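Enquirer: mind looking at a prediction? Sequence and model below.
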Amino acid sequence: MAKVAFLGLGVMGFPMAGHLMAKGHEVTVYNRTPAKAEAWVARHGGRSAATPGLAASGAEFVMACVGNDNDLAQVCTGPDGAFSTMAPGAVFVDHTTVSATITRKLAAEAAARKLGFVDAPVSGGQAGAENGQLSIMCGGDPADYARAEPVMAAYARICRLIGVSGAGQLAKMMNQICIAGLLQGLSEALAFGQKAGLDGEKVVEVISQGAAGSWQMVNRHKTMLADQFDFGFAVDWMRKDLGICLAAADEIGARLPVTALVDQFYKDVQLMGGGRNDTSSLIRRLK
Ligand code: NAP
């Protein structure tokens, strides 16, 4: 069992850190808003610390799941950041969805301090975090990955090393590119069916078992048909992710025409007041 720090107890981090405790690891948590850290300790035991640096001190592994590039940089190298107290040989594992650029920068900084750094963004959403069934795509040094993998196993359904530093984040971009186009297609189909007067649930029961089936169709059609979006993966986060994808595409010379369009559709949803709604709320524009 390992000594682990977990930074960021949001929708994802709170249950992920809980799974580490359940597996018997020695866990210290940090959350910017202390009340969440107190609630986590009340629920799971373990300890909380007032800063990322205090949480990371003495830890073999430091996991993080915060917001965006700036937030990650802050908990790593900001005042009282984790890098300042981590001992040589310790491994930082980043579960935040961020750019490959900040990942490479922080990995280089970690290496200069003799720390490991694994980018390990996740897919599977709130339910995947709560059930310990996340898909984790990683980038980094194979030896660091091999040490971190058994710890990540506490909340993983599948965990793979894709390549060098940044490769995990690039894989997560592929994941988000797939989801953006797919959700627009699903939204159009369900809205079309409603206009045509069909029973959407009956149709989905049939077509979800054919070539049109998808995780989004199976898990989101009921709430999309019922206009319920107060849960799940926030549109604001999706816009952050699509911004990362579009910037990366520019850098490498890839084309993302549909992703760019769906990004603008998500902007409409934000302007409709739906920034914290689940990404399936794309259908609201069509109703
Ligand atoms: P969330 O509920 O908004 O939680 C974000 C967490 O990060 C909170 O604990 C927040 O602290 C902390 N944080 C943000 N900025 C910080 C800073 N500058 N310094 C210290 N802590 C900071 O978000 P989430 O849904 O858990 O998502 C977290 C990450 O996972 C994001 O990158 C997201 O894109 C990614 N992700 C999310 C999902 C999903 O379904 N939700 C799925 C896959 C990937 P406070 O409590 O103080 O605000």
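Expert: Perfect, I can see it now. Numbers count the residues shown, from 1 in each chain.

Enquirer: roughly how far apart are the closest residue in space to residue 163 that isn't next to it in sequence and the ligand?
Expert: Distances taken as Cβ to Cβ, 6 or more residues apart in numbering place residue 139 nearest to residue 163, at 5.8 Å, with adjacent residues excluded. Placement of C-beta: from N, CA and C, glycine included. According to Cβ to the nearest ligand atom, to the nearest Å, residue 139 and the ligand sit 16 Å apart.

Enquirer: just confirm residue 157 is within a helix.
Expert: No. Note on residue 157: no helix contains this position according to DSSP: H, G, I helix; E, B strand; the rest coil, which reports strand.

Enquirer: and it, how many neighbours?
Expert: 14 (other Cβ atoms under 10 Å).

Enquirer: over to the one 5 residues further on?
Expert: Burial measure for residue 162: 18 neighbouring residues, criterion other Cβ under 10 Å.

Enquirer: that one contacts residue 137, correct?
Expert: Yes. With contact defined as Cβ atoms under 8 Å, residue 162 reaches residue 137; the gap is 5.4 Å.

Enquirer: who touches the closest residue to the ligand within the stretch 1-150 of the chain in this structure?
Expert: Here the residue of the stretch 1-150 of the chain nearest the ligand is residue 10; by Cβ to the nearest ligand atom that distance is 1.9 Å. Residues in contact with residue 10 (Cβ atoms under 8 Å, 6 or more residues apart in numbering) are 36, 65, 66, 67.

Enquirer: run through the neighbouring helices and strands of the helix or strand harbouring residue 152.
Expert: Using DSSP states H and E, residue 152 sits within helix 142-152. In terms of contacts (3 or more Cβ pairs under 8 Å, 6 or more residues apart in numbering; DSSP states H and E), helix 142-152 is packed against strand 61-64, strand 91-94, strand 116-119, strand 134-139, strand 156-163.

Enquirer: which residues are contacting that helix?
Expert: Contacts to helix 142-152, defined as Cβ under 8 Å, 6+ apart, come from residues 2, 4, 20, 25, 61, 63, 91, 93, 116-118, 120, 136, 138, 159, 161.

Enquirer: what number of residues lie near the nearest residue to residue 45 once chain neighbours are set aside?
Expert: Nearest residue to residue 45, sequence neighbours excluded (Cβ to Cβ, 6+ apart): residue 21, at 6.2 Å. The criterion is other Cβ under 10 Å. On that basis, residue 21 has 20 neighbouring residues.
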